[in-house]
Every structure is written in structure tokens, then in C-alpha cells.
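J.: sequence plus predicted model, see below.
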Amino acid sequence: MAVDNNPHKPFGADLDPNNELTHNVLPDGDVEVTYKGGKMKYMTYIDEMEDRATRKSKGKSPIKSHLGFFGGFGKGKLNKNNHT
């Protein structure tokens, strides 16, 4: 059985049809991943691949319109009326 070395096609299922994700193994064994050219944490990448596999298994498109990155809490984030 031939093995496909593309990490975005596990078991032949294309989870990145728009080629927006990159997955590069560095010489030290670490992995650098990007989404649309921007760096992304590896665990966020793993979560996204899991979400895409789940959507694909339900017959849906593996990609959604955006990744839901959370900006966090802090002054000026939620309450625009806070001027202290």
C-alpha cells in the first residue's frame, strides 16, 4: 500500500483543498505550520485538522469560512465605554 506523505490528506481525504495550510518538519524535528501564510501554533493546527476531518465525515466541506481565533480579554476589548 502506497503511503501519501501529504499530512493534509490522511487516508486519501483532502482536508485542505485550497492549500491554505503548510506543515514543515524542521531539521531538529519540530514542526512549523502556517495558515494562509501566517504562523499558527501546532496544537491549533491539530485542532483545525480534527475539525476538518469531522466535517468531512459528516459530508460537509472540510473548510469553514474562517478560523475562530480568540483575541482575549482586556481593557478596550469588550466594554468600549470603559475610559479609566
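T.: Sure thing, it's come through. Computed from a prediction, not measured in an experiment: that's the story for all the values here. Numbering: from 1, shown residues only.
J.: can you give me the strands for the chain?
T.: Counting by DSSP state E, the chain has strands at residues 21-25, 31-35, 38-40.
J.: would you turn those into a markdown table with mean neighbour count?
T.: Placement of C-beta: from N, CA and C, glycine included. A markdown table is the format used below for those (neighbours: other C-beta atoms under 10 Å):
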| stretch | mean neighbour count |
| --- | --- |
| strand 21-25 | 14 |
| strand 31-35 | 15 |
| strand 38-40 | 11 |
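J.: which one of the ones you listed lies closest to I63?
T.: Closest to I63 of these is strand 21-25 (C-beta to C-beta; 9.6 Å).
J.: which secondary structure elements does the closest one contact?
T.: Judged by 3 or more C-beta pairs under 8 Å, 6 or more residues apart in numbering; DSSP states H and E, strand 21-25 is in contact with strand 31-35, helix 42-57.
J.: of all those, which lies closest to P17?
T.: The minimum distance between P17 and those falls on helix 42-57, with 9.7 Å, by C-beta to C-beta.
J.: list the buried residues in the closest one.
T.: 45, 48-49, 51-52, 56 (16 or more other C-beta atoms under 10 Å).
J.: what's the angle from it to strand 31-35?
T.: If you take axes from the mean of the first three to the mean of the last three C-alpha atoms, to 10 degrees, helix 42-57 sits at 60 degrees to strand 31-35.
J.: what about helix 42-57, average pLDDT?
T.: In this model, helix 42-57 has a mean pLDDT of 88.
J.: still on that earlier bit, may I see the buried residues of helix 42-57 organised as a markdown table, with distance to A13 added?
T.: A markdown table is the format used below for these (distance: C-beta to C-beta, whole Å):
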| residue | distance to A13 |
| --- | --- |
| Y45 | 17 |
| E48 | 14 |
| M49 | 11 |
| D51 | 13 |
| R52 | 9 |
| K56 | 6 |
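J.: from those, pick the one nearest V31.
T.: V31 has its nearest neighbour among the buried residues of helix 42-57 in Y45, at 8.2 Å by C-beta to C-beta.
J.: that closest one reaches L21, doesn't it?
T.: Yes. The criterion here is C-beta atoms under 8 Å, and Y45 meets it with L21 at 7.0 Å.
J.: give me every residue that touches D28.
T.: By C-beta atoms under 8 Å, 6 or more residues apart in numbering, the contact list for D28 is empty.
J.: brilliant, that's me finished.
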